[in-house]
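Student: coords please:
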Amino acid sequence: LVVREVSPRTLAVVRSVALPPPGRVAAVSVAAGPGDSVWIGDSRAAWRVSAATGAVLAKVRLPARFAVRDVAVDPAGKHLYVSAFDLRPQGGPGAIFEYAAHSGRRLASALRGPVTFALAGAALTATPAGVWASYRTGMLGSTILLRRRGLVTVLPPGRSLPPGGPGSVYAWPMSATTGYGGGAFWIANEAGVMACASP
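Tutor: Next up is the predicted model:
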C-alpha cells in the first residue's frame, strides 16, 4: 500500500509513503490526525503517519474478524474513531472503536451495537461531542450519534429525530453524506433532506 502526499497548490506528488502490506480487503480511509500527521486505515489496521517525514508514529490493530471501513479524528485531534465490518462469511454486526489519536491506545469499543447490522460498516464524521455513524442495513439506513469517551448512543438506531420514517433526517433510503463545519453537523440524504444540527 502506498499513500501519496500531494501539494494543494500544484497537485504534484510531494512524497510517497509505503505501508506494510495488509492483505487488502477494504478501501483505504484517511483522516487528518493530531499535529502534522494523518491516520490511514486499511484492512485490519490503522497507522498514524507523519506528514513531514512519512514515518509511522502509531498503529492500531482491529480484532481478528473485523476490517476497517472508515476512520475519523475529532476537530481537537484527541480522539480517533474507526468503523469496521465483520469479515466472517455470514457477516455480523458492525463495530466502532475509539482510540487516543496520539498514541492509538484503545479507549472504548461498540462491538454488539448500536450498529447491529451494516452493509460494509459505517461512514464516520467526528465532532467535538462524539462521532456520527451512517450505515446501511439494506435499502434503508440510519445516522446516529455516539458520545465521545464511551461510544454511548445519543440517537438510538432506527429512530429519527424529529419523528418520522425513512425520508426524515436520520433515517433514509440508500445513502447519506455527512460533514462537520462551522460548528454544526451537516447531513444530506437521498430522500432529498439536507439539514444542519447541533453536534
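
Student: where in the protein is pLDDT low?
Tutor: Low-confidence segments of the chain (pLDDT under 70): 1, 19-27, 89-92, 112-119, 155-167.

Student: can you do 50?
Tutor: Residues of the chain meeting the criterion pLDDT under 50: 157-158, 160-164.

Student: all helices of it, in order?
Tutor: Using DSSP state H, the chain contains no helices.

Student: show me what contacts Val152?
Tutor: Val152 makes contact with Leu146, according to Cβ atoms under 8 Å, 6 or more residues apart in numbering. C-beta here means a position set from N, CA and C on the backbone, and glycine is covered the same way.

Student: for it, grab phi and psi.
Tutor: The phi and psi torsions at Val152 (degrees, to the nearest 10) take the values phi -80, psi 140.

Student: how close does it get to Ile144?
Tutor: Note on Val152: its distance to Ile144, by Cβ to Cβ, to the nearest Å, is 11 Å.

Student: endpoints of stretch 169-189, how far apart?
Tutor: 8 Å (Cα to Cα, to the nearest Å).

Student: what residues sit buried inside that stretch?
Tutor: Of all the residues in stretch 169-189, those buried under the rule 16 or more other Cβ atoms under 10 Å are 169-173, 176, 178, 180, 185-189.

Student: out of those residues, who's nearest Gly41?
Tutor: Gly41 lies nearest to Thr178 out of these, by Cβ to Cβ, at 17.4 Å.

Student: ok, now how distant is the residue lying closest to the closest one once chain neighbours are set aside from Gly192?
Tutor: Distances taken as Cβ to Cβ, 6 or more residues apart in numbering place Thr125 nearest to Thr178, at 4.2 Å, with adjacent residues excluded. From Thr125 across to Gly192, the span is 20 Å (Cβ to Cβ).
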